[in-house]
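Undergrad: Kindly generate the corresponding structure for this input.
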Amino acid sequence: MKRKFWILGAAALAGVMAAGMLAACGSRQTEGLEYTQTEDERGYFISKIVMLEHEEDPDYRLEVRIPESYEGKPVVGIGDGAFLGKTKISNVIIPESVTYIGASAFSGCTGLTEFTVPETITSLGDGAFSGCTGLESVTLSGSITEVGSGVFEGCSKLAEVNFGEGYTVIGDGMFKSCNALDAIDIPEGVTEIGADAFSGCMYLAEIGLPAGLVRIGEGAFENTYYYNQRGNWTQSVLYIGDYLIEATETLGGSYTVTDGTIGIADKAFEACALMTGVSFPASLREIGLFAFADCNGLEHIGVAAENARFSAEGDCLVDRTSHTLLLGCKNSVIPADVTAIGDHAFFGCTDLGAAQLPASLVSIGQAAFYGCENLGELTLPAGLQSIGSFAFARCGALEEIEIPAAVTEIPQDAFLDCGNLQTVILPAGLTIVHENAFAGCYQLSTLLFRGDEAAWKNVSVRGDENVTFSEADVYFFSAGAPAADGNFWHEEGGVPAIW
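TA: Presented below is the predicted three-dimensional model:
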């Protein structure tokens, strides 16, 4: 028989909660609870429960009743690991004062069979109920705004999940390896499904996704029954409803995303090196992180003219509203009105030899050109203001780069493992070189600084891995012949030269 997944209306959920609260108010608190004061000293949280002698009785079962207050102050939370491995707990009654359940708080409580998260709870920590192998039913209130990873991972008997009205996020690995799940209909209002959220749910065969999803994480449905049925894959591509979930590395040639598709999951086409082109339909609204990472054979990008959000001028996928380039390929000609290169836009594009960046460009995102190992010609435009971490990491063909005047910080790992980088021209306003920014740049020997020696002393170089940067020869800019001895440089016809 299929397990049903449904949304509790506000009135129904309130009724469930009212019953639980009345039970709590009508009974005394559980003995053996230990309390720790919060940092602001305004309340307490449950830190653990002391082992009781009769817990050794194989037939003993414990109903935990959390009090609303302790020593005149509210009990506001259940701490990390508070009931970890307490296999005799069969039920938990939580008062309205509690707002969070910490990491592994009930992990391994194998005697717990059902649980209703009260409406006052806003946060569930990592693995809060992981390994509760007796848990069969859970109700999640719409008040939850923070969800850790693996909250119900390994709850092998969990067959019924009720989402309260307004529930929005399914966290990373939230229901991983919950093998009793055989069907789920995720309600409207849920906007994000995290990585590995349902992975390993071996009998999950029926999956309904809401129209308003913004993100589906990597491997969200991997190794489910639905995923493992080859008949659900078409041309090496898996769809669930209107969402493209994954393509296998065997996908080759030019691929056209199915009409009606509204979203593409994170890493959906990762390492599809045989794919030479991709075309997107008018219906497409969302594209996940690293969706085309390491697709180094990509030559062409197209978008239906009717698409309201995206365009594909110059073989670039561009967000029309933000003027952000989201995806490029080796043949990309970046449009003149692009103001941002998005995160991972050219990630792993190994055949990209040169990139002509427009004067309009203001920012370059994280890992935007990561692994573009043949990128040897690159000029950063004068108006560029920010560079993301890993932006040019492992661009092994780069030999020289100038950082524009408006960039005041070089972020972590920005030029990591650029093994042929020899010369860097730095702006006078530079303040910080972050950890690993030039780690692995073993040929780096010359730094041309557009400021003077006094300004250079104010530049903070962080981390021990920027050793070649710290040991490189530093030259200070002098437009005219310097009056004093020292290391100075100037420009001759726009080309750097040492005095």
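
Undergrad: any idea how far the residue nearest to G241 when sequence neighbours are not counted is from T113?
TA: Spatially, and ignoring its direct neighbours in sequence, G241 is nearest to L209 (4.8 Å; CB to CB, 6 or more residues apart in numbering). Backbone N, C-alpha and C define where each C-beta goes, glycine included. When distance is defined by CB to CB, to the nearest Å, L209 is 29 Å away from T113.

Undergrad: Same question for V278.
TA: 48 Å.

Undergrad: now F369
TA: For F369 relative to T113 (CB to CB), the value is 52 Å.

Undergrad: higher neighbour count, these two?
TA: The neighbour comparison of F369 against T113 (other CB atoms under 10 Å) goes to F369, with 27 against 14.

Undergrad: Please report phi then psi for the closest residue to E206 other than its chain neighbours.
TA: In space, and not counting its chain neighbours, E206 is closest to A183: 3.8 Å by CB to CB, 6+ apart. The phi/psi pair for A183 (degrees, to the nearest 10) reads phi -160, psi 140.

Undergrad: is it true that A183 touches C201?
TA: No - using CB atoms under 8 Å, A183 makes no contact with C201, being 10.3 Å away.

Undergrad: So between these two, which is more surrounded?
TA: Neighbours were counted for A183 and for C201 using other CB under 10 Å; C201 has more, 26 against 17.

Undergrad: Now the more buried one. Its backbone dihedrals?
TA: Backbone torsions for C201, taken as degrees, to the nearest 10, come to phi -80, psi 90.

Undergrad: residue contacts, it?
TA: Counting by CB atoms under 8 Å, 6 or more residues apart in numbering, C201 makes contact with F175, K176, S177, C178, N179, L181, N223, T224, Y225.

Undergrad: which of those residues tops the neighbour count?
TA: L181 (28 neighbours).

Undergrad: For that residue, give me the backbone phi and psi.
TA: phi -70, psi 120.

Undergrad: I'd guessed it sits against F175; true?
TA: Yes - counting by CB under 8 Å, L181 touches F175, with 6.4 Å between them.

Undergrad: Overlap in contacts, these two.
TA: With CB under 8 Å, 6+ apart, L181 and F175 have common neighbours L158, V161, F198, C201.

Undergrad: Can you give me the neighbour number for V461?
TA: V461: 15 neighbours (other CB under 10 Å).

Undergrad: Distance check, it against F415.
TA: Taken as CB to CB, the span from V461 to F415 is 13 Å.

Undergrad: what's the answer for S254, then?
TA: 34 Å.

Undergrad: more crowded one of the two?
TA: For S254 versus F415, neighbours defined as other CB under 10 Å are more numerous around F415 (28 against 13).

Undergrad: hmm, back to that, just the contacts of C201 now: which is nearest R320?
TA: Closest approach between these and R320, by CB to CB: T224, at 35.2 Å.

Undergrad: so who does the nearest residue to the closest one once chain neighbours are set aside touch?
TA: Take T224 and drop its neighbours on the chain: the residue closest to it by CB to CB, 6+ apart is L204, 4.1 Å away. Taking CB under 8 Å, 6+ apart as the criterion, L204 is in contact with L181, D182, A183, I184, F198, F221, T224, Y225, Y226.

Undergrad: ranges for the strands of the stretch 251-400 of the chain?
TA: 253-256, 263-264, 275-280, 286-287, 300-303, 310-311, 317-319, 324-327, 340-341, 354-355, 363-364, 377-378, 386-387, 400-402 (DSSP state E, counting those that start in this stretch).
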